[in-house]
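S.K.: I need the structure of the sequence given here:
(2 chains)
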Amino acid sequence: MIGLDAKLLGIILSGGLTLMAYSFLYRENRVSRIAEHIYLGAATGYGAVLSGKYVYDNAAVPLAKGNALWAIPLLSSLLLYFYFSKKHFWLYRLPTAAIIGVGTGIVVAADFRTRLTEQIKATLLPLFIVNKPYETINNLIIIFGVVGALIFFYFSKELKGPTRGLADFGKYILMVTFGASFGQTFMARISLIIGRVQSLYVWPASLLLPLAAILVAVAFVWDRRKQGKPRVSTG
Amino acid sequence: MATEKDWTHKLATIDPRVIFLLLFICVGAPLLMPFGLPVGISPPTTSTYKFIEGLPSGSIVVSAFDMSAAVAPECYPQVAAFTTHLKNKNHKIIEVAFDSAGPMFADQALKDVFGASKDHPLYGKNFVNLGYVAGGEAAMKAFAGDPKMIQKDFYGKDVKDLEIMQPLSSARDFKLMIVISGSQVDNFVRQFGDPHGVPIVGAVTAVLVTRVMPYYPAKVVGYLNGLRGAAEYEQLVKRPGIALAGMDAQSAAHLLVIIFILVGNVGYIVRKRRPS
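M.R.: Model prediction:
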């Protein structure tokens, strides 16, 4: 019974917070701010607790069991708190340097392969494939699209003739890419709205919908009377 | 010059809240009364399905949750769909999270698909939720080198005692890694795909798809494109769910915005051609 009640409460809270956040669409207000702050606070708190648990399970417990090596990363990480000390700020730099150094080392070497050499290899495609016209067209678009986009960003010399044509082709490829990205982004945003609306249709969160509609109507009439016409949302 | 009574002026000064309301109606109405528009299945989704179908039964598949709550409406239906497929094919599932919100969704997926998570009799044998691994890409590299570096799973059980973890020595033992992400897949290709040869599938948000496409099909064997990808996969595994239910709303909203773009451009062109 308690579990069921907690589930119902969760649904109502989720629906209520969704509507509170969406009230921003009518205009900036304290209710949407409260929902925003609750989200940020909950997400940050949840992340901090899980991170703490991970460090406890994987470093503090082995240290307590006698694995002294774990003292090195644990003590080093404590040096990060010297960020708040003007006198000993330099101590903060030691773990920061290690984090940046290790992070960069891990990423850069691997990234050179993943995003450069492997991508170049993937672009080395046959210009003509017998009996496969669509694959041939795709390969031509990829090869000339990549070369054209790269030439488009070549600024050391004025582009003329075939290089100008290639650069133009690269420009159109880039424009298509931006268009596709915009379309994908729009689709993603609509998906998020769909997810929230689906959650609002779940009983008993659906009870909140007429309540929200009444509140918006009251706010609209209130605005009309107060100012002659409603303020336009900046969102 | 456009006057206040002119239709182009009215279009240019329309209250954005009218657009929000129309959008809400376009999303909300089809969810209540679906029209059942057909949803075609794209090649990357088919590739994902075929790859999982082609794996021998009992293969170890890693679900890497690099997702936050903000992308759950897009990514969670994907997770539910492919986890169902993995269960149907009797594959072994290792869930691990590189975002702090990940374990929560990993747990939910086990409950939705298997009926229970840590209390299920097959927990630790056929599936496991390793929880959140802090440290970003450095943690990924460490996990790829030794998956048993994690001491405790999400529920506090000793990882070294779990049967599913016994045969693992490095990421080379993974037959597939499904990356659930709203931020990037490059880091997974860098740390798992290229150095260890792990085939990768992207279960990603629609925003991320244009960044996944350059890796397909050489590095990423397939990908699910946001909510649409989830709807496609639900059809393939014959488990219609919330993603498929949302596709009519998605189409209606897109249609509305296409109309807005067309009308807006017509208004713009008409105003531009008028003598000032």
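S.K.: what's the burial count for residue 45?
M.R.: In the absence of a named chain, chain A is used. The tally of other residues near residue A:45 (other CB atoms under 10 Å in any protein chain shown) stands at 10. (C-beta placed from N, C-alpha, C; glycine too.)
S.K.: to clarify, I was referring to chain B.
M.R.: So residue B:45, with other CB under 10 Å, has 25 neighbours.
S.K.: go ahead and confirm it touches residue B:229.
M.R.: Yes - using CB atoms under 8 Å, residue B:45 is in contact with residue B:229, at 5.5 Å.
S.K.: any common contacting residues for the two?
M.R.: Common contacts of residue B:45 and residue B:229 (CB atoms under 8 Å, 6 or more residues apart in numbering or on different chains): residue B:223.
S.K.: low-scoring stretches of the chain, by residue?
M.R.: With no chain named, the answer covers chain A. A:1-4, A:228-235 (pLDDT under 70).
S.K.: can you look at chain B instead?
M.R.: For chain B, applying pLDDT under 70 flags the ranges B:1-5, B:276.
S.K.: what's the domain layout of it?
M.R.: Domain segmentation of chain B under automatic domain parsing yields B:7-33+B:246-273, B:43-240.
S.K.: how about these, which one is nearest chain A?
M.R.: In terms of CB to the nearest CB, the element of the domains of chain B nearest to chain A is domain B:43-240, at 2.2 Å.
S.K.: now the terminal residues of the closest one, how far apart.
M.R.: Length of domain B:43-240, first residue to last, CA to CA, to the nearest Å: 19 Å.
S.K.: quick one: that domain to chain centroid distance?
M.R.: Once both centres are worked out by CA atoms, centre = their mean, to the nearest Å, domain B:43-240 turns out to sit 10 Å from its chain's centre.
S.K.: need the contact list for residue 143.
M.R.: I'll assume chain A. Residue A:143 makes contact with A:123, A:125, A:127 under the criterion CB under 8 Å, 6+ apart.
S.K.: not quite, I wanted chain B
M.R.: Each residue near residue B:143 by CB under 8 Å, 6+ apart is listed here: B:96, B:133, B:149, B:150, B:171.
S.K.: mind checking the backbone torsions on it?
M.R.: phi -60, psi -40 (degrees, to the nearest 10).
S.K.: which parts of the stretch 151-276 of chain B sit against chain A?
M.R.: B:151-152, B:156, B:186-187, B:189-191, B:193-195, B:205-207, B:209-210, B:214, B:218-219, B:225-228, B:242, B:245-246, B:249-250, B:253-254, B:257 (CB under 8 Å from any CB of the partner chain).
S.K.: type out the ChimeraX command that picks the buried ones from the residues you listed.
M.R.: Burial among those is assessed by 16 or more other CB atoms under 10 Å in any protein chain shown; the matching ChimeraX selection reads:
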select /B:151,152,186,187,189,190,191,193,194,195,205,206,207,209,210,214,219,225,226,227,228,242,245,246,249,250,253,257
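S.K.: and residue A:158, how far from chain B?
M.R.: Distance of residue A:158 to chain B, computed by CB to the nearest CB, to the nearest Å: 30 Å.
S.K.: wait, residue B:62 sits on residue B:92?
M.R.: No - counting by CB under 8 Å, residue B:62 stays clear of residue B:92, with 9.6 Å between them.
S.K.: which stretches of chain B form helices?
M.R.: Using DSSP state H, the helices of chain B run over residues B:7-12, B:16-32, B:43-54, B:72-88, B:102-114, B:136-145, B:186-188, B:194-196, B:206-212, B:226-236, B:242-273.
S.K.: tell me what the longest one is packed against?
M.R.: Here helix B:242-273 touches helix A:161-200, helix B:7-12, helix B:16-32, helix B:72-88, helix B:226-236, going by 3 or more CB pairs under 8 Å, 6 or more residues apart in numbering or on different chains; DSSP states H and E.
S.K.: gap between the third one and the chain center?
M.R.: Its chain's C-alpha centre and that of helix B:16-32 lie 24 Å apart, by CA atoms, centre = their mean.
S.K.: and that helix, what's buried?
M.R.: So, applying 16+ other CB under 10 Å, buried residues of helix B:16-32: B:17, B:23, B:26, B:27, B:28, B:30, B:31.
S.K.: which single one of those is nearest to residue A:182?
M.R.: Minimum distance to residue A:182 across the buried residues of helix B:16-32 is 16.5 Å, recorded for residue B:23 (CB to CB).
S.K.: I'd say that closest one and residue B:256 touch.
M.R.: Yes - the pair residue B:23 and residue B:256 qualifies as a contact (CB under 8 Å) at a distance of 6.3 Å.
S.K.: you'd agree residue B:197 is up against residue B:172?
M.R.: Yes - assessed by CB under 8 Å, residue B:197 is found in contact with residue B:172 at 6.7 Å.
S.K.: quick one: stretch A:98-118 near chain B?
M.R.: Yes - shown here: stretch A:98-118 in contact with chain B (CB under 8 Å from any CB) through A:102, A:103, A:106, A:107, A:110, A:111, A:113, A:114, A:115, A:118.
S.K.: if any of the contacts of residue B:143 are buried, put those into a ChimeraX selection.
M.R.: To isolate the buried subset of the contacts of residue B:143 in ChimeraX, counting by 16+ other CB under 10 Å, use the following:
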select /B:96,133,150,171
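S.K.: can you lay out the contacts of residue B:143 as TSV showing distance to residue B:54?
M.R.: Shown next, in TSV, are the contacts of residue B:143 (distance: CB to CB, whole Å):
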residue	distance to residue B:54
B:96	23
B:133	29
B:149	30
B:150	29
B:171	20
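S.K.: how much space is there between the closest residue to chain B within chain A and residue B:239?
M.R.: Residue nearest to chain B within chain A (CB to the nearest CB): residue A:195, separated by 2.2 Å. Residue A:195 sits 18 Å away from residue B:239, going by CB to CB, to the nearest Å.
S.K.: now do residue A:99
M.R.: 43 Å.
S.K.: phi first, then psi, for residue A:141.
M.R.: Dihedral angles phi and psi of residue A:141 (degrees, to the nearest 10) take the values phi -60, psi -40.
S.K.: what's the closest non-adjacent residue to it?
M.R.: Of all residues not flanking residue A:141 in the chain, residue A:173 sits nearest, at 7.6 Å (CB to CB, 6 or more residues apart in numbering or on different chains).
S.K.: quick one, what contacts the one you found?
M.R.: When contacts are counted by CB under 8 Å, 6+ apart, residue A:173 touches A:141, A:145, A:148, A:149.
S.K.: and these, which two are the farthest apart?
M.R.: Spatial extent of these (CB to CB) is set by the pair A:141 and A:149 at 11.4 Å.
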